[in-house]
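Enquirer: sharing a model prediction with you, sequence too.
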Amino acid sequence: MGYVVYVNKFHDRAVIHREECSYYQNRFKDRSKTGYWEGVFETREEAAEFARSTGKKLADCTFCMTRLPWKRRERVRASPMW
Ligand SMILES: [Zn+2]
């Protein structure tokens, strides 16, 4: 179970997703030129590190990172960067 980052050039954002996220699972259907996937990263920190290195605005996927129940079992660390 890992993390992936979608770098969206159009919106200038790098969005962290769970590997299980349906957005990522359906990635091969996405043929747009607005961005690309990177990963899989083992930890959210590694994903965030890559996301920051792109120079884009870092964001969490609102679907897989905030709504689903597995979030509750995670150590949540508050950070002004995120
Ligand atoms: Zn997601």
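Expert: Looks like it came in fine.
Enquirer: any buried residues in stretch 48-66, and which?
Expert: For stretch 48-66, the neighbour count (16 or more other Cβ atoms under 10 Å) marks A48, F50, A51, T54, K56, L58, A59, D60, C61, C64, M65 as buried. Any C-beta I mention is one placed from the backbone N, CA and C, and that applies to glycine too.
Enquirer: between the two ends of it, how far is it?
Expert: Between the start and the finish of stretch 48-66 there is a gap of 16 Å, counting by Cα to Cα, to the nearest Å.
Enquirer: tell me how far it lies from the chain's centre.
Expert: With Cα atoms, centre = their mean, to the nearest Å as the basis, the distance from the averaged C-alpha position of stretch 48-66 to the chain average is 5 Å.
Enquirer: near the ion, anything from it?
Expert: Yes. In this structure, stretch 48-66 sits against the ion according to Cβ under 5 Å from the ion; the contacting residues are C61, F63, C64.
Enquirer: can you list contacts of that stretch?
Expert: By Cβ atoms under 8 Å, 6 or more residues apart in numbering, the residues outside stretch 48-66 that reach it are 5-8, 12-18, 20-23, 38-39, 41, 71, 81-82.
Enquirer: ok, and which of those residues reach the ion?
Expert: Restricting the contacts of stretch 48-66 to those near the ion - Cβ under 5 Å from the ion - leaves H17, C21, Y23.
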